[in-house]
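A.B. asks: I would like the atomic coordinates for the input below:
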Amino acid sequence: MKKGKDDRLAPTAAQQARWLSRIRREAIGFLIEISETDPVALVSPNRPPGDVLNFASKLREFGLEPRGAMHLKDLVATLVAPPERETTTEAEEVEQLMEGARSFDEQIAARKLAQAQAIADQIKARPIRTLGPLVTNIKRLLAAMAGGGDVDLPLPAGCALRFDASYQKLIEGTRVWSHVSPSSAHRMQPPFLMVSLKVPGGASLSTRLAVFVFHAMQALDSEEGAMVRRCRREACRRIFLAARPTKTFCGRQCANAVSFERHAKKPAKL
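C.D. replies: Numbering: from 1, shown residues only. Down below sits the predicted model:
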């Protein structure tokens with residue numbers, strides 16, 4: 001059966017699953033990076049000037065902002081806006097749609113950079129107060145994941161859980177897929193879209209970081225999260241994200257060191 005124009009760019013279930021898995025692995029990798037971060041060292045003048053901005057960009061990208069249908073409405077309005085002029089050929093229509101997607105990508109990139117810079121400035125001003133609790137909480141989550149424990153984290157004052165199912169109706173009610181470039185299609189179905197942590201308007205960065213911790217829990221509550229391990233080498237014990245279920249050491253160096261230690265303990269043959 002021939003696919004309609006609205007369906008030809010929509011990601012398949014397999015594509016969506018692969019994308020979500022990749023995003024979760026990247027997010028968990030960043031959680032491990034956070035757990036190993038010294039807030040004071042991060043803002044040290046001896047560090048490359050872009051380190052704080054890169055760190056802030058990852059915070060924003062992997063869950064600092066609340067997720068939900070509201071942030072998609074501008075996206076949908078942009079992508080499904082009626083054309084300024086009538087097109088006469090399919091080639092002209094495709095070019096117009098791609099131009100709209102490029103314009104949208106540029107707007108998104110500029111907004112992301114501005115948000116990341118604002119976060120970076122706050123981190124530089126108060127690194128311990130801003131990042132200290134975050135590093136501690138992420139360490140606790142990863143340790144619980146690696147060791148099979150549990151963690152209770154209270155919500156900051158004024159925060160609340162939100163379930164927003166309007167996204168599905170938003171997508172069903174628009175001809176979205178005919179207006180989305182393949183590179184932008186995944187934005188229409190980000191993970192954990194319906195459940196988010198709502199923070200008060202004008203909340204401080206410290207409070208907004210509770211949103212990040214909430215999304216960290218969601219990322220870890222997955223098949224990818226189950227691959228979080230603690231290195232079995234006693235001299236290391238570093239937490240890492242395994243690529244396969246049978247991996248028990250964080251890297252080849254630790255695996256080789258344990259193998260050498262075992263060999264050294266064997267009695268010498270006479």
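A.B. asks: any weak-confidence spans in this protein?
C.D. replies: 1-11, 64-105, 166-193, 268-270 (pLDDT under 70).
A.B. asks: 50 - rerun?
C.D. replies: 1-2, 5-8, 68-83, 85, 176-192 (pLDDT under 50).
A.B. asks: got the domain ranges for it?
C.D. replies: According to automatic domain parsing, the chain comprises the domains 13-230, 231-270.
A.B. asks: show me where the stretch 1-150 of the chain has helices.
C.D. replies: Counting by DSSP state H, counting those that start in this stretch, the stretch 1-150 of the chain has helices at residues 13-35, 39-42, 51-59, 70-79, 90-125, 127-147.
A.B. asks: including distance to residue 257, could those go into JSON lines?
C.D. replies: C-beta: built from backbone N, CA, C; applies to glycine. What follows is the helices of the stretch 1-150 of the chain, written out as JSON lines (distance: least, Cβ to Cβ, whole Å):
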{"stretch": "helix 13-35", "distance to residue 257": "20"}
{"stretch": "helix 39-42", "distance to residue 257": "26"}
{"stretch": "helix 51-59", "distance to residue 257": "30"}
{"stretch": "helix 70-79", "distance to residue 257": "47"}
{"stretch": "helix 90-125", "distance to residue 257": "36"}
{"stretch": "helix 127-147", "distance to residue 257": "20"}
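A.B. asks: for those helices, which one sits closest to residue 196?
C.D. replies: Closest approach to residue 196 among these (Cβ to Cβ): helix 70-79, 9.3 Å.
A.B. asks: who's in contact with stretch 239-258?
C.D. replies: Here stretch 239-258 makes contact (Cβ atoms under 8 Å, 6 or more residues apart in numbering) with 25, 28-29, 32, 35, 142-143, 146, 224, 227-233, 235-236, 238.
A.B. asks: 10 Å - rerun?
C.D. replies: 24-26, 28-29, 31-32, 35-36, 139, 142-143, 145-147, 224-238, 259 (Cβ atoms under 10 Å, 6 or more residues apart in numbering).
A.B. asks: let me know the secondary structure of residue 229.
C.D. replies: strand (DSSP: H, G, I helix; E, B strand; the rest coil).
A.B. asks: how near is the closest residue to it other than its chain neighbours to residue 222?
C.D. replies: Distances taken as Cβ to Cβ, 6 or more residues apart in numbering put residue 242 closest to residue 229, at 4.9 Å, once the chain neighbours are dropped. Distance, residue 242 to residue 222, by Cβ to Cβ, to the nearest Å: 14 Å.
A.B. asks: wait, isn't residue 261 in contact with residue 236?
C.D. replies: No: counting by Cβ atoms under 10 Å, residue 261 does not reach residue 236; the two are 12.0 Å apart.
A.B. asks: the nearest residue to residue 37 once chain neighbours are set aside and residue 110, how far apart?
C.D. replies: Leaving aside its sequence neighbours, residue 37 sits nearest to residue 135 (Cβ to Cβ, 6+ apart; 5.8 Å). In this view, residue 135 and residue 110 are 29 Å apart by Cβ to Cβ.
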